[in-house]
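>>> quick one, fold the following:
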Amino acid sequence: MSQKAFNWTTGVIFLAILVLHILRLVYGWDGVIGGVAIPMWASWVSIVVSAYLAYIAISLASKL
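Numbering: from 1, shown residues only. Down below sits the predicted model:
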């Protein structure tokens, strides 16, 4: 796999994570991992982090 394809793939994965966290906030979905409830504020943090990582990955892919 080339570096460009890897960066595009990574960017798309982080965009999917971003969309899922936005949908969780909009629809009020519960998040439970291993029986532990994940608070809604964790999705806000994940939105910021995944948006940044998706932006970086896609911008690196477009430079190659």
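>>> dihedrals phi and psi, Ala37?
phi -70, psi 130 (degrees, to the nearest 10).
>>> look up how far Ser46 lies from it.
Note on Ala37: its distance to Ser46, by CB to CB, to the nearest Å, is 15 Å. In this view, the C-beta of every residue, glycine as well, is placed from N, C-alpha and C.
>>> who's more crowded, those two?
Ser46 (19 against 9; other CB atoms under 10 Å).
>>> residues contacting the helix or strand where the more buried one lies, please?
Taking DSSP states H and E as the definition, Ser46 sits inside helix 40-63. The list of residues contacting helix 40-63 from outside it, by CB atoms under 8 Å, 6 or more residues apart in numbering, reads 4, 7-8, 10-12, 14-15, 17-18, 21-22, 24-25, 31.
>>> and stretch 18-30, by the same measure?
Under CB under 8 Å, 6+ apart, the answer for stretch 18-30 is Gly31, Ala37, Met40, Ser43, Trp44, Ser46, Ile47, Ser50, Ala51, Ala54.
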